[in-house]
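In: below are the sequence and a predicted model for it; my questions follow.
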Amino acid sequence: EAGVTQFPSHSVIEKGQTVTLRCDPISGHDNLYWYRRVMGKEIKFLLHFVKESKQDESGMPNNRFLAERTGGTYSTLKVQPAELEDSGVYFCASSPRGGLGTDTQYFGPGTRLTVL
Amino acid sequence: QKEVEQDPGPLSVPEGAIVSLNCTYSNSAFQYFMWYRQYSRKGPELLMYTYSSGNKEDGRFTAQVDKSSKYISLFIRDSQPSDSATYLCAMTSGNNRLAFGKGNQVVVIP
C-alpha cells in the first residue's frame, strides 16, 4: 500500500512569489491534515480536512495560506505571496476514520520550502 | 507557556544502552499520548500510542504516562544502531489536532 506522498520534495522561491504544495493521502483515508515545522520549532498543526470539508483550520497562520481538497482526494496548500517566515517543512498526514484521537495519522515525507 | 515541552538536546548512547526520553505538557485536556520516530528526510512514523495514565510495552519500547504530573516518557531497551533517529512526543485532547514536542535526536553508537 502506497503511503502519503507529497510534491515537490523541495521548493526554493523568492519572497512575494506563489508556491503550491500537493499531498496525496493514503487511498481511502477521509481525513487529511497539514502540519508545518519552522526551523528550531516544533511541528505545528495547520488544518484538518474530512473528505473535502475543512473540519478545523485553527492553525492556519494567516490569509496568505489557502488549502483545498477538491473531490476529497488530494489536497493542495498554496502560499501567496510567500514571506521569509514561511520557510520550513510542510508535512501532510492522513488517517482513515478521525474520531476521538484514536486514529493513527500517517505522515508524508514533507515538502521543504525555502523562501529567499 | 508551550503546550508540550521536550528538551531538544541530542543524545548519544552506546549500543545496548537504555535510552530515556521525556516530555512535559501543560494542557490538562490531553488524553492521548504518542511517540513518533522520524528518520532523516522522512516523515514522522507512529511508534507508541497510549491513552491516559499507565505503562505500555511493545518489544524493546516502553511508554509511560503520568497524567497527575503531566509527564510522559519513552524508554528504549537494548538500543540498536537502527534506533538512531529523532523521537517526537505528541499528544491530543481527542480532536485529532496533534501537539508535538521539538524532538530528540538519538544516535546509537555501535
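Out: Thanks, I have it. Numbering: from 1, shown residues only, chains lettered A, B, ... in the order given.
In: just say helix, strand or coil for residue A:85.
Out: The three-state assignment at residue A:85 reads helix, by DSSP: H, G, I helix; E, B strand; the rest coil.
In: how deep is it tucked in, by neighbour count?
Out: 10 (other C-beta atoms under 10 Å in any protein chain shown). From N, CA and C alone the C-beta is placed, and that goes for glycine too.
In: any idea how far it is from residue B:20?
Out: The gap separating residue A:85 from residue B:20 is 35 Å, by C-beta to C-beta, to the nearest Å.
In: how far does stretch A:46-54 sit from the chain's center?
Out: What separates the centre of stretch A:46-54 from the centre of its chain is 10 Å, taken as C-alpha atoms, centre = their mean, to the nearest Å.
In: who's in contact with that stretch?
Out: For stretch A:46-54, the external contacting residues (C-beta atoms under 8 Å, 6 or more residues apart in numbering or on different chains) are A:30-36, A:55-61, A:65, A:67, A:69-72, A:75, A:77, A:90, A:98, B:96-97.
In: nearest residue to whichever residue of chain B sits closest to chain A other than its sequence neighbours?
Out: In chain B, the residue found nearest to chain A is residue B:43; the distance is 3.3 Å by C-beta to the nearest C-beta. Leaving out its chain neighbours, the residue that sits closest to residue B:43 by C-beta to C-beta, 6 or more residues apart in numbering or on different chains is residue A:107, at 3.3 Å.
In: quick one: residue B:106 and residue B:87 touch, right?
Out: Yes. With contact defined as C-beta atoms under 8 Å, residue B:106 reaches residue B:87; the gap is 6.0 Å.
In: those two: which has the busier surroundings?
Out: Counted by other C-beta under 10 Å, residue B:106 and residue B:87 do not tie: residue B:87 has more neighbours, with 24 against 20.
In: does the more buried one belong to a helix, a strand or coil?
Out: Under three-state DSSP, the three-state class of residue B:87 is strand.
In: so which of the contacts of stretch A:46-54 belong to strands?
Out: With DSSP state E as the criterion, strands contain A:31-36, A:55-56, A:65, A:67, A:75, A:77, A:90 from among the contacts of stretch A:46-54.
In: what residues does chain B put near chain A?
Out: With C-beta under 8 Å from any C-beta of the partner chain as the criterion, chain B meets chain A at residues B:2, B:4, B:6, B:31-32, B:36, B:41-46, B:49, B:51, B:88, B:90, B:92-103.
In: flag every residue of chain A that's near chain B.
Out: For chain A, the contact set with chain B under C-beta under 8 Å from any C-beta comprises A:4, A:31, A:33, A:35, A:41-45, A:48, A:55-56, A:58-59, A:91, A:93, A:95, A:98-110.
In: of those, buried ones?
Out: When those are checked for burial by 16 or more other C-beta atoms under 10 Å in any protein chain shown, the buried set is A:4, A:31, A:33, A:35, A:42-45, A:48, A:55-56, A:59, A:91, A:93, A:95, A:98, A:101, A:103, A:105-110.
In: which residue does chain A bring closest to chain B?
Out: Chain B sits closest to residue A:107 of chain A, with a gap of 3.3 Å, by C-beta to the nearest C-beta.
In: please name the bridge partners of that residue.
Out: Using DSSP bridges, the bridge partners assigned to residue A:107 are residue A:93.
In: one step back: quickly list what's touching both of residue B:106 and residue B:87.
Out: Each of residue B:21 lies in contact with both residue B:106 and residue B:87 under the rule C-beta under 8 Å, 6+ apart.
In: all set now, cheers.
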